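# Need coordinates for the below:
(chains A and B)
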Amino acid sequence: MKKGPLVKYKIGLAVLGLFALVLLMVVLLEAGPTKQDSSTYDQANTIANNLDAYIEDNNNVPSSLAEANIFNVPATITYQKLSDSTFKFCVDYKTASSGFDASEEETNLVTDNFGQNGGSDGFGTVDNQYLIISPNHSKGENCQVINALADTGSGTEVYNNNST
Amino acid sequence: MENTNTPSYINPQPMPVTPEYPPTPPVQPTPPMPPTPPVVPIYPTPDPMPTAVVPPPLINDQEPSQGPTVGVAPQAVVRVLSPRGVEYVFMTVALFTGATALVSLLISLVNGATDFGVLEFPVAMLVVALPIFAWLFLRLKKSEVNTPGLRLEPSKRRSTQFIQIASFVVCFFTLIGLITALFAKMSGSLVGTSIIKIILDGLIILVVVGGILTYYWRDEHRA
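Model prediction:
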């Protein structure tokens, strides 16, 4: 049996296998922190809803989360009152979540539909005065400064402490 | 005694034979026609159709079915793949799945998206598709080396021709997309998207899918 012609194919497939193995290791290493981030996101979302409800009912920003009857806050979430109408809300994530969709990118390229990827880096301007937690975020501390008592449409800046 | 009862219209005398028409002259021999030049057809004449279709030889000395066989071409009602053909279909599925995963992963890496949510599905696709493809590919390649006639088997060629057509269509429209992106960038209508990343995305698709097309194109056209 001839084995010579198959050697080059075996080498190519081995290189691809090595590439897949490296990426598999990356995914396995990211699984644990992603699970923790998912829990952090759920808790931040619940806190944000309760905080928005408190501000809407009382028409003022609480000095602490406990004043708004929000307890058991994880260490990855921090709240700071800046003024009577503004506050800062930070969530610390261990990994990034870009929301990037490669298959959508491929489809857009083949169908000439550019710039339609729904991915977001988690930064930008929120168009209301409510605290909204985005599922797309960067690694590290993601903070929002909310002007809770401002008129609708004033805009609040969302930024990342690591990049500013 | 003379019989007087004989009717008058009966003439016992023989009638004299007189010619009614003048005698025809002897036929002159016609001179031979000059040979006509051969007719040159304007269009090429197709080969004559065979009068009967010869049925294929029977396998294992089977008796022919009832009815005339002359002029009847047997048609296969059910078409099935050969055992090797089924393996080629499996390999084709694994190849396209693996190629899609590879392209997705490379595009994600080029765009700087390496988080778990982006990588989990393409990595799962690649981890499943790559070993299956590698096993089938090497197994079938070994069979082709040992049995060169396998390269021309219809079941195999059906799969490889489908791969070539699908790869060509993807490369074709990717090139159109790339040129359109360049035009859009030149006209200023491409806002918020990096042209470099779009070109890299297109190159990744062209290299992976174009590589598949090139391999099977050369394999098909090899003597």
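# and whatever helix or strand A:V145 lives in, what does it pack onto?
Assigned by DSSP states H and E, A:V145 belongs to strand A:140-147. The criterion is 3 or more CB pairs under 8 Å, 6 or more residues apart in numbering or on different chains; DSSP states H and E, and the helices and strands that strand A:140-147 contacts are strand A:86-93, strand A:156-160. Placement of C-beta: from N, CA and C, glycine included.
# can you do 10 Å?
Using 3 or more CB pairs under 10 Å, 6 or more residues apart in numbering or on different chains; DSSP states H and E as the contact criterion, the neighbours of strand A:140-147 among helices and strands are helix A:4-58, strand A:77-81, strand A:86-93, strand A:156-160.
# how far does that strand sit from the chain's center?
Computed by CA atoms, centre = their mean, to the nearest Å, the chain-centroid distance of strand A:140-147 equals 12 Å.
# List the pairing partners of that strand within its sheet, with orientation.
Here strand A:140-147 has these sheet partners by DSSP bridges: strand A:86-93 (antiparallel), strand A:156-160 (antiparallel).
# Torsion angles phi and psi at A:I132?
For A:I132, the backbone dihedrals are phi -120, psi 130 (criterion: degrees, to the nearest 10).
# That one against A:V91, yeah?
No - checked against CB atoms under 10 Å, the pair A:I132 and A:V91 is beyond contact range at 11.8 Å.
# so what's in contact with the two at the same time?
A:N45, A:A48, A:Q144 (CB atoms under 10 Å, 6 or more residues apart in numbering or on different chains).
# In contact with the second one, which residues?
When contacts are counted by CB under 10 Å, 6+ apart, A:A48 touches A:I70, A:I77, A:F89, A:V91, A:Y130, A:L131, A:I132, A:I133, A:Q144, A:I146.
# let's see it at 7 Å
A:L131, A:I132, A:I133 (CB atoms under 7 Å, 6 or more residues apart in numbering or on different chains).
# least trustworthy helix or strand in chain A by mean pLDDT?
Across the helices and strands of chain A, mean confidence by mean pLDDT, DSSP states H and E is lowest for strand A:124-126: a mean of 46.
# Which neighbouring elements make contact with the helix or strand in which B:A124 is found?
Using DSSP H and E, B:A124 sits within helix B:116-146. Applying 3 or more CB pairs under 7 Å, 6 or more residues apart in numbering or on different chains; DSSP states H and E, we find helix B:116-146 packed against helix A:4-58, helix B:83-110.
# helix or strand right after it?
That would be, after helix B:116-146 and using DSSP H and E, helix B:154-187.
# Which neighbouring elements make contact with that next one?
The contact analysis (3+ CB pairs under 7 Å, 6+ apart) places helix B:154-187 against helix A:102-110, helix B:83-110, helix B:195-221.
# buried sites along it?
B:155-156, B:159-160, B:163-164, B:167, B:170-171, B:174, B:177-178, B:180-181, B:184-185 (16 or more other CB atoms under 10 Å in any protein chain shown).
# so it versus helix B:195-221, what angle?
Calculated by axes from the mean of the first three to the mean of the last three CA atoms, to 10 degrees, helix B:154-187 forms an angle of 160 degrees with helix B:195-221.
# ok so, going back, between the strands paired with strand A:140-147, which gets the lowest average pLDDT?
Note on the strands paired with strand A:140-147: lowest mean pLDDT is at strand A:156-160, with a mean of 54.
# from memory A:F89 sits against A:N142, does it?
No - the pair A:F89 and A:N142 does not pass the contact test of CB atoms under 7 Å, sitting 9.2 Å apart.
# which one of those two has more residues nearby?
Just comparing A:F89 and A:N142: by other CB atoms under 10 Å in any protein chain shown the higher neighbour count belongs to A:N142, 24 against 21.
# Check the spacing between the more buried one and A:D37 real quick.
Separation of A:N142 from A:D37 (CB to CB, to the nearest Å) stands at 11 Å.
# Give the residues shared as contacts by those two.
A:Y93.
# wait, is A:D84 part of a helix?
No - for A:D84, which was evaluated using DSSP: H, G, I helix; E, B strand; the rest coil, the result is coil, with no helix membership.
# what sits against it?
Taking CB under 7 Å, 6+ apart as the contact definition, A:D84 lies against A:N60, A:V61.
# Give me the pLDDT for it.
Among the per-residue scores, A:D84 shows a pLDDT of 84.
# Give me the neighbour count for the closest residue to B:K156 other than its chain neighbours.
The spatial neighbour of B:K156 that comes closest, neighbours along the chain excluded (CB to CB, 6 or more residues apart in numbering or on different chains), is B:Y88 at 5.0 Å. The burial metric for B:Y88, expressed as a neighbour count using other CB under 10 Å, is 24.
# just A:L13 next, same as before
A:L13 has 18 neighbouring residues, counting by other CB under 10 Å.
# So it is in contact with B:W135, correct?
No - in this structure, A:L13 sits apart from B:W135 without contact. The criterion is CB under 7 Å, and the distance is 9.5 Å.
# Great, nothing more from me.
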